[in-house]
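Colleague: Give me the fold of what follows.
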Amino acid sequence: MSDFTASAGRARLHALVSGRVQGVFFRRAAQEQARGLGLSGWVRNLPDGRVELLAEGERPALEMLLAWLYQGPPGARVDDLESRWLSWSGEFQDFRVR
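Modeller: Numbers count the residues shown, from 1 in each chain. As a prediction, the model looks like this:
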């Protein structure tokens with residue numbers, strides 16, 4: 001996991017989650033978490049069985065979402081999580097399941 005130089009302010013988080021993360025309501029639960037934290041972006045299933053997430057918002061809220069991603073919803077099993085911090089773009093209006 002790489003670190004982003006800004007510790008506060010707006011940022012973008014890209015994450016790839018692997019394990020038992022499809023068929024366990026991971027995307028819907030991630031959407032609820034992100035919306036509850038005031039974040040925007042999207043989450044989707046990938047053909048290889050992983051879940052991909054791109055979220056934007058305040059850095060502390062993104063860090064809370066990242067911490068949640070390591071566990072996921074009940075029934076999920078997270079085996080690996082790749083994440084990287086990017087610059088905020090402001091392109092999203094809300095958080096959607098794709």
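Colleague: So residue 65: helix, strand or coil?
Modeller: Put simply, residue 65 is helix when judged by DSSP: H, G, I helix; E, B strand; the rest coil.
Colleague: what's near enough to touch it?
Modeller: Under the criterion of C-beta atoms under 8 Å, 6 or more residues apart in numbering, the neighbours of residue 65 are 13, 30, 33-34, 37, 39, 55. From N, CA and C alone the C-beta is placed, and that goes for glycine too.
Colleague: now those residues as CSV including pLDDT and neighbour count?
Modeller: CSV is the format used below for the contacts of residue 65 (pLDDT from 0 to 100; neighbours: other C-beta atoms under 10 Å):
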residue, pLDDT, neighbour count
13, 98, 25
30, 98, 29
33, 98, 22
34, 98, 27
37, 98, 18
39, 98, 24
55, 98, 25
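Colleague: Give me the subset of those lying in strands.
Modeller: For the contacts of residue 65, membership in strands holds for 13, 55, with DSSP state E as the criterion.
Colleague: any chance of the contacts of residue 65 in a markdown table, plus distance to residue 48?
Modeller: Below are the contacts of residue 65 laid out as a markdown table (distance: C-beta to C-beta, whole Å):
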| residue | distance to residue 48 |
| --- | --- |
| 13 | 20 |
| 30 | 18 |
| 33 | 23 |
| 34 | 22 |
| 37 | 27 |
| 39 | 25 |
| 55 | 21 |
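Colleague: any low-confidence regions in this structure?
Modeller: Within the chain, the set of residues satisfying pLDDT under 70 comprises 1-8.
Colleague: hey, where'd the helices end up in it?
Modeller: Using DSSP state H, the helices of the chain run over residues 26-36, 59-69.
Colleague: just how off-centre is the first one within its chain?
Modeller: Spelled out, that is helix 26-36. Here helix 26-36 is found 8 Å from its chain centre; the criterion is C-alpha atoms, centre = their mean, to the nearest Å.
Colleague: Check stretch 51-70 too.
Modeller: The chain centre lies 4 Å from the centre of stretch 51-70; the measure is C-alpha atoms, centre = their mean.
Colleague: Please save the CA atoms from it in CSV.
Modeller: Taking only C-alpha atoms (Å, rounded to 0.1, in the frame of the first residue of the first chain), the coordinates of stretch 51-70 have been written out as CSV:
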residue,chain,number,x,y,z
VAL,A,51,-14.0,-6.4,-6.2
GLU,A,52,-12.7,-3.0,-7.4
LEU,A,53,-13.5,0.2,-5.7
LEU,A,54,-12.8,3.8,-6.5
ALA,A,55,-13.8,6.4,-3.9
GLU,A,56,-13.2,10.1,-3.5
GLY,A,57,-13.7,12.4,-0.5
GLU,A,58,-12.1,13.6,2.6
ARG,A,59,-8.9,11.7,3.5
PRO,A,60,-10.1,10.6,7.0
ALA,A,61,-13.3,9.2,5.6
LEU,A,62,-11.4,7.3,2.9
GLU,A,63,-9.1,5.9,5.6
MET,A,64,-12.2,4.7,7.5
LEU,A,65,-13.5,3.0,4.3
LEU,A,66,-10.1,1.4,3.7
ALA,A,67,-10.1,0.0,7.2
TRP,A,68,-13.6,-1.5,6.6
LEU,A,69,-12.5,-3.0,3.3
TYR,A,70,-10.0,-5.2,5.1
